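J.: curious how this folds, go ahead:
(2 chains)
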Protein chains: 2
Amino acid sequence: MERLAAHYLIETPLPPEAAAAVIAGEQSSGTFTAVPGETAALKARFAARVESVTPLETVPAPSLPTGRAPAPAHHRARVSISWPLENFGFNLPALVSTLQGNLYELAQCSGLKLLDFDVPASFAAHFRGPRFGIAGTRALAGVGGRPLIGTIIKPGIGLSPAQTAAAVAALAAAGIDFIKDDELMADPPHSPFDARVDAVMRAIHDHAARAGRKPVYAFNITDEFDAMRRHYDKIVSAGGACAMISLNSTGLAAAKKICDLGALAIHGHRNGWGMLNRHPLLGIDFPAYQKLWRLAGVDHLHVNGIANKFWEPDDSVVRSIASCLAPLHNLPPVLPAVSSGQWGGQAPETWRRTRTLDLLYLAGGGIHAHPGGPAAGVRSLQTWWRAAAEGLSFAQAVARHPGLAKSVEKFGPKK
Amino acid sequence: MERLAAHYLIETPLPPEAAAAVIAGEQSSGTFTAVPGETAALKARFAARVESVTPLETVPAPSLPTGRAPAPAHHRARVSISWPLENFGFNLPALVSTLQGNLYELAQCSGLKLLDFDVPASFAAHFRGPRFGIAGTRALAGVGGRPLIGTIIKPGIGLSPAQTAAAVAALAAAGIDFIKDDELMADPPHSPFDARVDAVMRAIHDHAARAGRKPVYAFNITDEFDAMRRHYDKIVSAGGACAMISLNSTGLAAAKKICDLGALAIHGHRNGWGMLNRHPLLGIDFPAYQKLWRLAGVDHLHVNGIANKFWEPDDSVVRSIASCLAPLHNLPPVLPAVSSGQWGGQAPETWRRTRTLDLLYLAGGGIHAHPGGPAAGVRSLQTWWRAAAEGLSFAQAVARHPGLAKSVEKFGPKK
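T.: Numbering: from 1, shown residues only, chains lettered A, B, ... in the order given. Down below sits the predicted model:
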């Protein structure tokens, strides 16, 4: 029987091998005491197995409370555990319960983070993965050879459908590739979903009739399940191309079902992500997270960006982008959505560190608050990326393209 | 316009008032720079508002990494923020994005936990909440005046439908009120869901024909969405009463849709919870968590138990039970599912600290591994709770009921 292996960073007052055995036990028989009926044959077939334990550093204090008497030392280790595929089948929520589940509550661990997991090809083959992904989204937007330049309608909340459509028309005229709803904008009384779709798609179709090219608009369908379905169908019937889902807010089962429909590219917003990852010894790391959502079929996934406004270091962003683009058996890559405090000036460093143009590069304030207006903001981002792809550094880009000075003055590093 | 207020514990290198303003700004306009179009009138109508800031202690080091230069001091505070209901409407996933969303990633906070939130009556009135809850589950199981005694089929994985049904028959004969699948058991090849439901319900109906009373069985329908719907319908058509969902694994949108169906009591398993709450300055606290799931309509919610096998301290368990039972406008209470390392001996302390019998008291190993067998395990739990409800202490219970000695010897505190 093929197995699926998960890799954890743990911290424990026990010898790491003993903690690994507890993890494996909890995620197979799952009780605090031996029970009758758990025969040797049954254990051999279904029990989780400790594949490896690699000791790391020892620290004096626990990273997380353990509810137990203080221990003198806490040992960190990388631990790999495997399960037969038979234990959960092709059921992603059951897989999540197996890989994560009760583990975060173990008193025997003072830290536990799911770093990554490896699925056999036969498991991946059961999933379609991103229906659009990079190639499909490029085709929808008509963009090749450079990152897709995108923006978020700002203010995030408060605009009417007509105001939103007017902003879309201006952005389309300025040559934007992609526009998304803010994640706080769903279906409020001042901008009912259907009215927003109608108004925005009219603006996009008008633009297409003139310019022969449609920017992709990601309408935020995050909602209760029936409303998500209804809103999805509304986008399809209005000729739209993309729906956005706040993945952590709706959850895996609903989002997977929406991805399965296959008519729209799914823009996966990861708001809430900090709760799942910000502590170095708790939660889930991005390589595992993107794998779950790639299996579910999400086409775009947020990764923050270089010099973002949030806490996330650049190294972490670079690693996230790489994991979205890494091969995963039959599943196409996810398009990384770079965002948070982006204004174009980060393009040279983003290129230098990732060497990919397969990005959806999103700027909110960086476009809307550009001193020359949103159209100038869009042009500025395009220029920044042209310069970056030519291998120019930040300083070289500014010297070569005097038009960038305005963005540097407004958004760049303060003297 | 009525408002919804959320209460946070934060830690910040800034003056707490400044950090609170950042939180409110991020969750309304949501960008790093002022944008045109965000007029004063629009702000007055839609902006999040800081309602209060209560300073707490100051600590020298950040609880979470900030990605910024070290600050000399980090101030903790309780902060309340409010939003007009209009911003999200009656859309629970959009509410989650508003109350949590990007907040956990703010560099301006080195800690942030959503403690609780208050909804106006008009908001709650839009939701049915638990369709069965305490009264409905008691009616299904035919149990009044004492906690429902329940168990989990163990081993958690590996038994065939016939073996599961045999265990159910024995437990039913022993007088169990409630039985649930293990959360690692969903729809694997060795125990296909439909076959398990058929076998288990046959055992339950056979028992009912003899004894006139049906224990409630919570079948784990955690799966992708279509499978959840199909499995739900299977339980209904087989005459079952309850479905279990791993809430964090399936997510809010799918779980709410299942709750809305209204034909089965929904047993909410919170596996994965430790990731969301174990760090004292990250995530979501149980009072807020249970409120979200009560609004969604979950009937039972796991809360661990006194002296549980996990890390959670008793004080936290007691507070969780109280929050499940606390009034929430028109919404009935959630039945707290007490579990984790429970064997009966915790009953006196559970009663002393909670003074409620409205509990679903679950023991896995505590029943299956009882020295006299599962039937003796069930009787032992019933006796423990009778003693507890009479106000007996642990020692008094053992002295009054000599039959309890066996459970103490097996599971009790080691000398």
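
J.: what helix or strand does A:Leu95 sit in?
T.: A:Leu95 is part of helix A:92-99, with elements assigned from DSSP states H and E.

J.: let's see stretch A:69-83 as PDB, backbone CA atoms only.
T.: Provided in PDB are the C-alpha atoms of stretch A:69-83 (Å, rounded to 0.1, in the frame of the first residue of the first chain):
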ATOM      1  CA  ALA A  69       5.300  21.000  35.200                       C
ATOM      2  CA  PRO A  70       8.300  22.900  33.700                       C
ATOM      3  CA  ALA A  71      10.900  20.700  32.000                       C
ATOM      4  CA  PRO A  72      14.600  21.500  32.000                       C
ATOM      5  CA  ALA A  73      15.100  21.300  28.300                       C
ATOM      6  CA  HIS A  74      13.000  21.300  25.100                       C
ATOM      7  CA  HIS A  75      14.400  19.500  22.100                       C
ATOM      8  CA  ARG A  76      13.600  20.500  18.600                       C
ATOM      9  CA  ALA A  77      13.600  18.100  15.700                       C
ATOM     10  CA  ARG A  78      12.400  17.400  12.200                       C
ATOM     11  CA  VAL A  79      10.100  14.400  12.200                       C
ATOM     12  CA  SER A  80       8.600  12.600   9.200                       C
ATOM     13  CA  ILE A  81       5.500  10.400   9.700                       C
ATOM     14  CA  SER A  82       3.700   8.400   7.100                       C
ATOM     15  CA  TRP A  83       0.200   6.900   6.700                       C
END
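
J.: rounded mean pLDDT for it, please.
T.: Averaging pLDDT along stretch A:69-83 yields 97.

J.: circling back to that earlier point, what residues does the helix or strand following the helix holding A:Leu95 touch?
T.: Of the helices and strands lying after helix A:92-99 in sequence (DSSP H and E), the nearest is strand A:111-118. The contact list for strand A:111-118, computed with Cβ atoms under 8 Å, 6 or more residues apart in numbering or on different chains, reads A:4-12, A:23, A:62-64, A:74, A:76, A:78, A:99-100, A:103-104, A:106, A:280-285, A:287-288, A:291. C-betas here are computed from N, CA, C, even on glycine.

J.: which among those count as buried?
T.: A:4-12, A:23, A:62-64, A:74, A:76, A:78, A:99-100, A:103-104, A:106, A:281-285, A:287-288, A:291 (16 or more other Cβ atoms under 10 Å in any protein chain shown).

J.: for the residue nearest the centre of chain A, what are its contacts?
T.: Residue closest to the average C-alpha location in chain A (Cα atoms, centre = their mean): A:Leu301, at 3.3 Å. A:Leu301 makes contacts with A:Gly268, A:Arg270, A:Gln290, A:Trp293, A:Arg294, A:Cys324, A:Val334, A:Leu335, A:Pro336, A:Ala337, as judged by Cβ under 8 Å, 6+ apart.

J.: correct me, but the fourth one touches A:Gly268?
T.: What that stands for is A:Trp293. Yes - counting by Cβ atoms under 8 Å, A:Trp293 does reach A:Gly268; the two are 5.7 Å apart.

J.: please enumerate the shared neighbours of these two.
T.: By Cβ under 8 Å, 6+ apart, the residues touching both A:Trp293 and A:Gly268 are A:Leu247, A:Ala255, A:Leu301, A:Val334.
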